[in-house]
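# Mind folding the following:
(2 chains)
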Amino acid sequence: EAGVTQSPTHLIKTRGQQATLRCSPISGHTSVYWYQQALGLGLQFLLWYDEGEERNRGNFPPRFSGRQFPNYSSELNVNALELEDSALYLCASRTLLAGGEKTQYFGPGTRLLVL
Amino acid sequence: ELKVEQNPLFLSMQEGKNYTIYCNYSTTSDRLYWYRQDPGKSLESLFVLLSNGAVKQEGRLMASLDTKARLSTLHITAAVHDLSATYFCAVALNYGGSQGNLIFGKGTKLSVKP
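Residues are numbered from 1 along each chain as shown, chains lettered A, B, ... in the order given. Sure, this is the predicted structure:
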């Protein structure tokens, strides 16, 4: 069974540009989460999508946005990039079936560098 | 606000020694997770702990959960170099009756030296 996939693996942008990151969840998983891992700041929750709807967002400015498509894949958009947006962006998915461990499985990440 | 605190943040161990990583969290949650991250890599799920008194073991790692104390521990037995990594605990946020996002501790960077 394929795991969570993310693209691209690396992305280099300059300040003020826009970045688009993509995530495909594990087959059968309908919930997708985005996290940011910036140096020195740990893992911070960005966005949660479930059945195409945004269910919750972390403490990030509105220039961080995203969407979930009918096939449950997801896109994270970061507008007006700032230097401090440089980080590893991780996508995770989990099943919404009742009960069970509900583990979030993580993709390999997209490393974004803003120059 | 749910907070998750891990300690220590850095741990240098000799091979063959035992040690424990602690994870405290501030509010009730029905699931606690432990993940491992190797340098430059993503997070690998190690354990999910669902109830008070839960204990799970995999190789040289054993995790336990005390929901009354809001404390989880990750015990390392007879450490080997391959266990060198950063270990995160995470607690699931309850959102409208279903499991929401995870709140992570800052991670414990473990270095096992020969």
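# When you work out contacts or count neighbours from here on, use the C-alpha atoms and nothing else.
OK.
# Where does pLDDT dip in the chain?
Using chain A here. A:1, A:96-101 (pLDDT under 70).
# please go with chain B instead
Within chain B, the stretches with pLDDT under 70 are B:97.
# Might you enumerate the residues of it proximal to chain A?
Within reach of chain A by Cα under 8 Å from any Cα of the partner chain, chain B has these residues: B:31, B:33, B:41-45, B:48, B:50, B:100-107.
# Tell me which entries of the residues you listed lie within strands.
Using DSSP state E, the subset of the residues of chain B next to chain A located in strands is B:33, B:43-45, B:48, B:100-104.
# A:E84 looks like it's in a helix, true?
Yes. Under DSSP: H, G, I helix; E, B strand; the rest coil, A:E84 sits within a helix.
# residues in contact with the residue lying closest to it once chain neighbours are set aside?
For A:E84, ignoring the flanking residues on the chain, the nearest one in space by Cα to Cα, 6 or more residues apart in numbering or on different chains is A:V114 at 7.7 Å. Contact analysis of A:V114 by Cα atoms under 8 Å, 6 or more residues apart in numbering or on different chains lists A:12-15, A:81-86.
# How about A:L88?
A:36-38, A:109-112.
# which residue of chain B sits farthest from its center?
Note on chain B: the largest C-alpha distance from the chain mean falls to B:G96, namely 25.3 Å (Cα atoms, centre = their mean).
# quick one on the thing from earlier: Serialize the ones in strands among the residues of chain B next to chain A to TSV and add fields for distance to A:Y72 and neighbour count.
Conversion of these to TSV gives the following (distance: Cα to Cα, whole Å; neighbours: other Cα atoms under 10 Å in any protein chain shown):
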residue	distance to A:Y72	neighbour count
B:Y33	24	23
B:L43	21	22
B:E44	22	18
B:S45	22	16
B:V48	24	24
B:G100	17	19
B:N101	17	27
B:L102	19	22
B:I103	23	20
B:F104	24	26
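# Can you name the two of these that sit furthest apart?
B:E44 and B:G100 (18.9 Å; Cα to Cα).
# Report the central residue of chain A.
A:W34 (2.9 Å).
# can you pull the buried residues of the top strand by length along chain B?
Criterion DSSP E: the longest strand present in chain B is strand B:85-95. Of all the residues in strand B:85-95, those buried under the rule 16 or more other Cα atoms under 10 Å in any protein chain shown are B:85-93.
# so what's B:V112 up against?
Applying Cα under 8 Å, 6+ apart, the residues near B:V112 are B:12-15, B:79-84.
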